[in-house]
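**Q** Pasted the sequence and its predicted model underneath.
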Amino acid sequence: MIAYHLVAHAEEPEQHGRHDPGSILPRRAVVDDGPPGLAEDGDQARDRHLRDLGQEEVAVGERGDRRPALGPRLLAVEERQVVEADRLAGERAAALAAQLGRGAEVDDRRDAELVAHARDVGRCEVMERVAAVDLLPADRASVRGGVAAQVAEVEAALQVDHAPHCRIEHTGRAPPPHALACGTASGAGSATMKLGLFLPLAGDPTRLRDMVATAATVAERTGFHSLWFAEHVALFDTPASRYPYSADGSFPLTGEVGFVEPFVAIAFAAALTTRIRLGTGICLVPQRSPLYTAKQVADCDVLSGGRLDFGVGIGWLREEFEALGVPFDGRAARCREYLAAMRALWTEPVSRYEGKLLRVPALRMFPKPIQKPHPPIVFGGESDAALRRVADLGQGWYGFNLLPDEAAARIAALDALLARRRRKPESVEVSVSPYFKPARDAAALGAYAEAGVDQVIYLVGLRSAETIREEIEALAAELMPAAQRLGPGPRRRG
């Protein structure tokens, strides 16, 4: 007997409590070929089964429209399996009820409806459903209390600091484009200037593990607010694309250097720290799978205890998009749609999205992020179009390669866009990196504060893995006292 267990499409949200997804039993799809005929050997039984099913295959994306699809169409379910579904559902519901000590209902009508729409269910699958079995109130309280006690014990051992991570309950619906994560991005209401670090995490692969471990732990110990990781899947020896942050358009690193994938680096750093925030600086959203990206964002937020900042951008390297088989043109609109779909995946128990460029069918994606409604979305880019994305969708802006006066001009443009959308300046946290520009002293830090910058992010780690500790400690010794003396900038004084 061959048995496959596959997770089926999610039910409509009204079937169960929207705010307690863990209180239901997951629906399962079961394939049971049954024993072969008495006179058949294994090969004959397999051939008979294939003849019964047919060999129709439908390619991914062929759904009668031109929108991307997230999975294949599968084969139809035989009528005999509908009958088998009723039998299996009744038997297993009774067995489960006996184990739980109470009755359980079986909704055969719903099962039959799902089986009838086999193209949305799967290959030779029979559907079964066991209704939710609620614990008695006393039992539920004891379970929750036990879990809470275990979580508290673990957090005490790790010295987890929840203070920077606010909790805003979502309603089960995707927030509007201007909805804020934690009200402001990553503690934007701080009365002092925050300092962050940008670690490209590239170079000798035998040194990278020690580099990120040292950078994360030393940065947290010396008081830095955040640590950011870059993304590029591939680099090219002679790209036609111009790098926007150098005068001659050349990228500062050679192709054989490479980058560690940012979510992998964040997960590694999260395991070694408890307070410092960890960010993608930046994630190239339109060249990625939106579902996988949403999943990585949520998982990293969970594993870090709610410390993720989701820095995003639309990318500049056409050759990288082409190598991934993704169109370079139209990436700005694609980024907006992908983010809208991700918000649904992060906030809705049963998530779905319908857009011009993307369709996400009803599905469940868990765990949800710790930060509510989702981690702050921090847009990179200095163009007017990039600032419009911040004003429409963002909780933060990450300006790059800017001196204080250059940052002030872009911040003024951003605040004008926010005002037209009836958003307050403090609803967006402004982070700026001088990158290679000469602005790494206390005087420049004061100028950034006066320009309206909330956080200055400094490039580190390009000297060598051996000197990363001394580099971070020297930067902290020079700038931390000045940062603590600086009050809120002009955008936060009123």
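**A** Everything's here; your move. Small disclaimer: the values here were computed from a predicted structure and weren't measured. Residues are numbered from 1 along each chain as shown.
**Q** what stretches of the chain score poorly on pLDDT?
**A** Scanning the chain for pLDDT under 70 picks out 1-191, 493-494.
**Q** Show me where it has its helices.
**A** For the chain, the helices defined by DSSP state H cover 42-53, 79-100, 108-116, 137-158, 205-221, 262-272, 290-303, 318-323, 331-347, 384-393, 404-420, 442-451, 468-485.
**Q** buried set for stretch 268-277?
**A** 268-270, 273, 275-277 (16 or more other C-beta atoms under 10 Å). Quick note: C-beta positions are derived from backbone N, CA and C, even for glycine.
**Q** can you check stretch 220-230 too?
**A** 220, 222, 224-230.
**Q** Tell me which two in the residues you listed are the farthest apart.
**A** Pairwise distances across these peak at 21.6 Å for Thr222 and Ala230 (criterion: C-beta to C-beta).
**Q** returning to what we had before: please render the buried residues of stretch 268-277 as JSON lines that adds distance to Leu417 to the earlier fields.
**A** Compiled in JSON lines, those are given as follows (distance: C-beta to C-beta, whole Å):
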{"residue": "Phe268", "distance to Leu417": "36"}
{"residue": "Ala269", "distance to Leu417": "33"}
{"residue": "Ala270", "distance to Leu417": "33"}
{"residue": "Thr273", "distance to Leu417": "34"}
{"residue": "Arg275", "distance to Leu417": "32"}
{"residue": "Ile276", "distance to Leu417": "30"}
{"residue": "Arg277", "distance to Leu417": "25"}
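**Q** among the residues you listed, which two are most distant?
**A** For those, the farthest-apart pair by C-beta to C-beta is Phe268 and Arg275; their separation is 16.3 Å.
**Q** Leu402 is in contact with Ala444, correct?
**A** No: the criterion here is C-beta atoms under 8 Å, and Ala444 misses it with Leu402 at 11.1 Å.
**Q** Spit out the residues that contact the two alike.
**A** Jointly contacting Ala444 and Leu402 under the rule C-beta atoms under 8 Å, 6 or more residues apart in numbering are Pro434.
**Q** neighbour count winner among those two?
**A** Leu402 (23 against 18; other C-beta atoms under 10 Å).
**Q** how close does that one get to Glu382?
**A** Between Leu402 and Glu382 the distance is 7 Å, computed by C-beta to C-beta, to the nearest Å.
**Q** between these two, what contacts are shared?
**A** Arg410.
**Q** domain assignment for the protein?
**A** Under the assignment automatic domain parsing, the domains of the chain span 3-128, 194-492.
**Q** Show me which of these has the highest average neighbour count.
**A** Mean neighbour count (mean count of other C-beta atoms under 10 Å) peaks for domain 194-492 among those, with a mean of 19.
**Q** Distance across that one, terminal residue to terminal residue?
**A** Counting by C-alpha to C-alpha, to the nearest Å, you get 14 Å between the two ends of domain 194-492.
**Q** right, and Ser250 touches Tyr243 too?
**A** Yes: if you go by C-beta under 8 Å, Ser250 and Tyr243 touch, sitting 6.1 Å apart.
**Q** need the contact list for the closest residue to Met342 other than its chain neighbours.
**A** Spatial nearest neighbour of Met342, chain neighbours left out: Ala294 (4.1 Å); criterion: C-beta to C-beta, 6 or more residues apart in numbering. Residues in contact with Ala294 (C-beta under 8 Å, 6+ apart) are 341-342, 345-346, 365.
**Q** Next: Leu308.
**A** Contact analysis of Leu308 by C-beta under 8 Å, 6+ apart lists 266, 277-279, 297, 300-301, 369, 371, 375.
**Q** swap in Asp415?
**A** Per C-beta under 8 Å, 6+ apart, neighbours of Asp415: 425, 452, 491.
**Q** Equivalent analysis for Leu402, please.
**A** 382, 410, 432-434, 437.
**Q** could those go into TSV alongside distance to Phe236?
**A** Output for the contacts of Leu402, formatted as TSV (distance: C-beta to C-beta, whole Å):
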residue	distance to Phe236
Glu382	23
Arg410	29
Val432	28
Ser433	24
Pro434	27
Lys437	26
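**Q** Out of those residues, which comes closest to Cys283?
**A** Closest to Cys283, out of all of the contacts of Leu402 and judged by C-beta to C-beta, is Ser433, at 15.9 Å.
**Q** Just give the nearest non-adjacent residue to that closest one, would you?
**A** Ile457 (4.2 Å).
**Q** start to end distance for stretch 425-444?
**A** Terminal residues of stretch 425-444 lie 22 Å apart, using C-alpha to C-alpha.
**Q** Please produce CSV containing the buried residues of stretch 220-230, extended by distance to Thr214.
**A** Formatted as CSV, the buried residues of stretch 220-230 follow (distance: C-beta to C-beta, whole Å):
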residue, distance to Thr214
Glu220, 11
Thr222, 12
Phe224, 13
His225, 18
Ser226, 16
Leu227, 11
Trp228, 16
Phe229, 14
Ala230, 18
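**Q** Which one of these is nearest to Gly313?
**A** Distances from Gly313 to these, taken as C-beta to C-beta, are shortest for Ala230 (10.4 Å).
**Q** Just list the residues touching the closest residue to that closest one other than its chain neighbours, thanks.
**A** Nearest-residue entry for Ala230: Pro200, 4.9 Å, with adjacent residues in sequence omitted and distances by C-beta to C-beta, 6+ apart. With contacts defined as C-beta under 8 Å, 6+ apart, Pro200 is in contact with 229-230, 253, 259, 459, 461-462.
**Q** Restricted to strands, list these.
**A** Among these, the ones falling in strands (DSSP state E) are 229, 459.
**Q** Which member of the contacts of Pro200 is positioned nearest Arg389?
**A** Proximity of the contacts of Pro200 to Arg389 (C-beta to C-beta) peaks at Ala230, which lies at 19.2 Å.
**Q** Ends of stretch 242-258, what's the gap?
**A** Stretch 242-258: ends 18 Å apart by C-alpha to C-alpha.
**Q** how much space between Leu475 and Ala219?
**A** According to C-beta to C-beta, Leu475 stands 9 Å off from Ala219.
**Q** Among the contacts of Ala294, which one lies nearest to Leu284?
**A** Ranked by distance to Leu284 (C-beta to C-beta), these are led by Met342 at 14.0 Å.
**Q** from memory the closest one sits against Tyr292, does it?
**A** No: applying C-beta under 8 Å as the test, Met342 and Tyr292 come out as separate, 10.5 Å apart.
**Q** and Gly281, what is it in contact with?
**A** Gly281 sits next to 198, 228-230, 262, 311, 380, 398, 457 when contact means C-beta under 8 Å, 6+ apart.
**Q** The residue lying closest to it once chain neighbours are set aside pairs with what?
**A** Excluding its sequence neighbours, the residue lying closest to Gly281 (C-beta to C-beta, 6+ apart) is Trp228, at 3.2 Å. Beta-bridge partners for Trp228, by DSSP bridges, are Phe198, Gly279.
**Q** Which residues are in contact with Trp228?
**A** Taking C-beta under 8 Å, 6+ apart, we find Trp228 in contact with 196-199, 278-281, 309, 311, 457.
**Q** out of those, who's nearest Glu406?
**A** Lowest distance from Glu406 to those (C-beta to C-beta) belongs to Ile457, with 14.9 Å.
**Q** Give the bridge partners for that closest one, please.
**A** Bridge pairing for Ile457 (DSSP bridges) gives the partners Gly196.
**Q** And for Glu354?
**A** Bridge pairing for Glu354 (DSSP bridges) gives the partners Arg359.
**Q** How much space separates the residue nearest to Arg388 when sequence neighbours are not counted from Arg389?
**A** Distances taken as C-beta to C-beta, 6+ apart put Leu417 closest to Arg388, at 6.1 Å, once the chain neighbours are dropped. Applying C-beta to C-beta, the value for Leu417 to Arg389 is 10 Å.
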